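J.: dropping a prediction and its sequence here:
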Amino acid sequence: MNNALRIISAVFYILTSIVISGLSTSDIQRLLRGAKTDITEKNCCCDLCGKPIPVIRQIPVISFLLSKGRCSMCGAKIPLLPTIQEGIIIAEAVVCGIITGFASYAVIINFGLYELFKIVMIVFNGRRSTEFAKSFIISVGLNICLFGLIYGFMAAVEFIDTLI
Ligand SMILES: [Zn+2]
């Protein structure tokens, strides 16, 4: 593959993996026992004070370390599990990217592993008590769209590579 295209693919892949790991805390945590927030709620809120969390405070793993594990508004302790989850998802995606040479099909593998991880989390933590089935279907549907867009971009870059 053309070097410039390879770099574009790799950077795009890593950035979108970070975004997905950040979104995973809304996506997966909202399916688990005790969750009440609607799966499509755009704002990411503190579980205790209910205040929206600014985007700068939503950077996966790093935000947790910078805030020393506490909400910047109310000082409540942020649960560790979602942060571990973000770390696992980024690590899995990066390993998969390196092994495949940042090929587009890595995105399909990531999608499969992500949904598998989601099911494992639900089995071990229990499902939310209200609107679980509806939330689960929406969650998988949104991820098909999201991973599909990322795959589409990566596949387009590979196609351009065959032309030049
Ligand atoms: Zn708070």
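T.: Yep, it's here.
J.: now do the phi/psi pair for Val123.
T.: phi -60, psi -40 (degrees, to the nearest 10).
J.: could you check how far it is from Ile90?
T.: 22 Å (Cβ to Cβ, to the nearest Å). Placement of C-beta: from N, CA and C, glycine included.
J.: the two - which one has more neighbours?
T.: Taking other Cβ atoms under 10 Å, Val123 and Ile90 do not tie; Ile90 has more neighbours (19 against 9).
J.: excluding chain neighbours, what is closest to the more buried one?
T.: Using Cβ to Cβ, 6 or more residues apart in numbering and skipping the chain neighbours, the partner closest in space to Ile90 is Ser21 (4.6 Å).
J.: the one you found is in what secondary structure piece?
T.: Using DSSP states H and E, Ser21 maps to helix 3-29.
J.: helices and strands around that helix, which ones?
T.: Helix 3-29 is packed against helix 80-100, helix 105-125, helix 132-163, with contacts defined by 3 or more Cβ pairs under 8 Å, 6 or more residues apart in numbering; DSSP states H and E.
J.: nearest to Cys46, of the ones you listed?
T.: Nearest to Cys46 among the helices and strands packed on helix 3-29 is helix 80-100 (12.2 Å), distances taken as Cβ to Cβ.
J.: ok, residues contacting that closest one?
T.: For helix 80-100, contacts defined as Cβ atoms under 8 Å, 6 or more residues apart in numbering pick out 10, 13-14, 17-18, 20-22, 24-25, 28-29, 60-61, 64, 69, 106, 109-110, 113-114, 117, 121.
J.: buried sites along it?
T.: Under the neighbour-count criterion of 16 or more other Cβ atoms under 10 Å, helix 80-100 has 82-83, 85-86, 89-90, 92-93, 96-97 buried.
J.: same check, this time on stretch 19-37
T.: Result for stretch 19-37 [16+ other Cβ under 10 Å]: buried residues 20-32, 35, 37.
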